[in-house]
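Participant: My questions concern the predicted model and sequence given below.
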Amino acid sequence: MSMGLKAARADRGVAGALYARLEERILDRDKEGASRIYYDLLRMQRPLAEMLAEIVRIHAPYTHVPYHERIDDGFVNFVNNDHCLLSARTTLHLTGMLDGPLAGLPMAQTVWYVPTALDIWNQKIAKAPGHYSRGFQMPPGPPPAPVVYWPDQEPVKEDGSLEERLGHWLTLVHRGQVLEAYRVFLGLIDEPAHRERVLAELVFAGLIDLQDRSLNNRSYTTGHKSFRARATVELGNAIGWDAAHDVVYAGALDIAVGPRWYSTYEMACNAITLYIDGKSISAIPYRGTSASERALLANTERLSEGESALLIDGILHGHEPAFIEQISALLLAGKDPRRILDVIQIGAADVILATEGDLNFSLPQHCYEYCNTLGWFYDTFAHPQRLKLLFVAASYLNQAAWHQVRTGDGQPAEIKVPAAAERMAGDEILDRIEAAILALDGPASVTWTQAYLDGGADRAPLVRRLARVATTIGNDPHNQEIALCLLEDYAKNTAAGRDRLLLACAQHTARHRKYGDFMETRRRFDAAMGAA
């Protein structure tokens, strides 16, 4: 735990009472009342890590589901993944991108959203109010109490080496033994000397869980388990692991909740054997990593612009196994796998830019978040299996690109920069970008962003403005979450064409569907905190 958070916890008498009231308002689904309490906490200058810890503590028991699918009278329906934890992670990072009073706005969006996101399972069948039951008529009277489907557990300490225990945990996850897997994980995470390795395996377990089809489906994982695992790691680091049990409860238990899909990852394992090791696949059981695979992780060479363009074209417009062979050839030619991932991220941004239907962003946005999470995974952990995940990301992007084409999207619009932009200062163009996004005008948002880029001005003010306008738009954490992913990668991506990440950020923020009065949180925040 940070020294600042320790000091704050020693002086939280009044704050403790406010947090108790905040819990009451959230469990009563009262987002207005919860917001007012948050404004009081903000005026008291309570630490962000403390407020995030409390909001996760409150929602953790109520944001799990029994299963991520349900069959209702013979029809398969999907049950959403929790976004409360993801909203908290987004708050953690967006706060540092905003200046002055507006630095409190990301947390305001999280507090506004959480009361609407409890008990998703019952929301999906109109038995509970909230974000996922929009459009349903709720019965009169107070809302029912949210349900705890998976109670918290005590840790189990097992014998054996760390590798053996991690293998046992992943087996329990694979088999869907939810509570037993969670108890074993609690025992593992309680060992500080091994914590980094344990957290890496948690994220890995999320990254390998990915559907192998999406067209005409609405029941798929879209990588959400990896997103929640990453949020668990980052929030735990920010709060301090001795105070992060509620974060683990919110983020680690769901890894074993079904359904689980591993066939795309199995393809990646076999791609290593076929295209990297040059061996045929047989019925014998395989395990671990090969010497050739491990050696390729040390590659350092970047892709040329021509190689990058060919790879993007192959993934977006080709079919298996062509792009798998492309990636294998690049690796065998000495290309750095992390830099190959940079190129894949540009391709994922291109799919966002080629999407026009406001209801058709599900695959592109989640595919981008997967590529973002995988980049973070590469930069954070030296996990031995990470090379295989390049093939998973490419397969996901190929699937998302073809999904868009087959559902009427996938043709990027021509970007025509307004002629007047040549006579405008950078700040004027930034104002045009913000106005276009808030008007939900996707084409104008992209063209004005391109105008700013063409003008050669410093990119930092554009990044800050995109972060600000994304945080302004509420009622769905995707508005902030996907923008953050694109801005995070813009700061790290080394591929040719990385400016397309900023164009995709403007496009998604403007075009992804909006719910209700998406400016209400910002207006309430400005009125309460004088932030306008």
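Facilitator: Cool, got the structure.
Participant: List of residues touching the helix or strand E307 falls within?
Facilitator: Assigned by DSSP states H and E, E307 belongs to helix 305-317. Helix 305-317 is contacted by residues 303, 322-323, 326-327, 330, 335, 340, 343-344, 346-347, 350-351, 394, 397-398, 401, 495-497 when judged by Cβ atoms under 8 Å, 6 or more residues apart in numbering. Placement of C-beta: from N, CA and C, glycine included.
Participant: can you rerun that using 7 Å?
Facilitator: Contacts to helix 305-317, defined as Cβ atoms under 7 Å, 6 or more residues apart in numbering, come from residues 322-323, 326, 330, 343-344, 346-347, 350-351, 394, 397-398, 401, 495-496.
Participant: hang on, R513 packs against D358?
Facilitator: Yes - look at R513 against D358 with Cβ atoms under 7 Å: they come within range, at 4.3 Å.
Participant: which residue is nearest the middle of this protein?
Facilitator: F227 (4.3 Å; Cα atoms, centre = their mean).
Participant: That one contacts L86, correct?
Facilitator: Yes - assessed by Cβ under 7 Å, F227 is found in contact with L86 at 5.7 Å.
Participant: so what's Q365 closest to, chain neighbours aside?
Facilitator: Leaving aside its chain neighbours, Q365 sits nearest to I482 (4.8 Å; criterion: Cβ to Cβ, 6 or more residues apart in numbering).
Participant: That neighbour: how many residues sit nearby?
Facilitator: 25 (other Cβ atoms under 10 Å).
Participant: Ok, Y262 next?
Facilitator: 15.
Participant: who's in contact with the helix or strand containing A17?
Facilitator: Using DSSP H and E, A17 falls within helix 13-27. With Cβ under 7 Å, 6+ apart as the contact definition, helix 13-27 has outside contacts at 33-34, 37, 40-41, 44, 46, 54, 58-59, 114-115, 146.
Participant: That helix: which residues count as buried?
Facilitator: A15, L18, Y19, L22, E23, R25, I26, L27 (16 or more other Cβ atoms under 10 Å).
Participant: do stretch 356-375 as well
Facilitator: 356, 360-375.
Participant: ok, back up a step: next, the residue nearest to Q365: phi, psi?
Facilitator: phi -70, psi -40 (degrees, to the nearest 10).
Participant: That one reaches A506, doesn't it?
Facilitator: No - when contacts are counted by Cβ under 7 Å, I482 is not listed as touching A506 (11.5 Å).
Participant: Spatially nearest residue to V111 (excluding sequence neighbours)?
Facilitator: Nearest one to V111, counting by Cβ to Cβ, 6+ apart, is Y38 at 4.4 Å.
Participant: and that neighbour, how many neighbours?
Facilitator: By other Cβ under 10 Å, neighbour count at Y38 equals 25.
Participant: how far away is it from H478?
Facilitator: Remark: distance between Y38 and H478 (Cβ to Cβ, to the nearest Å) = 21 Å.
Participant: and the residue nearest to the centre of the chain, what does it touch?
Facilitator: Counted by Cβ under 7 Å, 6+ apart, F227 has contacts L86, E369, T373.
Participant: between these, which is nearest R175?
Facilitator: For these, the closest approach to R175 (Cβ to Cβ) belongs to T373, at 24.3 Å.
Participant: Report all helices and strands that the helix or strand hosting L202 contacts.
Facilitator: Secondary structure from DSSP H and E places L202 in helix 195-207. Counting by 3 or more Cβ pairs under 7 Å, 6 or more residues apart in numbering; DSSP states H and E, the packing neighbours recorded for helix 195-207 are helix 162-175, helix 178-189, helix 224-239, helix 362-380.
Participant: Out of the ones you listed, the one nearest R423 is which?
Facilitator: Of these, nearest to R423 by Cβ to Cβ is helix 362-380, at 34.1 Å.
Participant: Let me know the average pLDDT across the helix or strand following that closest one.
Facilitator: Downstream of helix 362-380, the next assigned helix or strand under DSSP H and E is helix 386-406. For helix 386-406, the mean pLDDT works out to 97.
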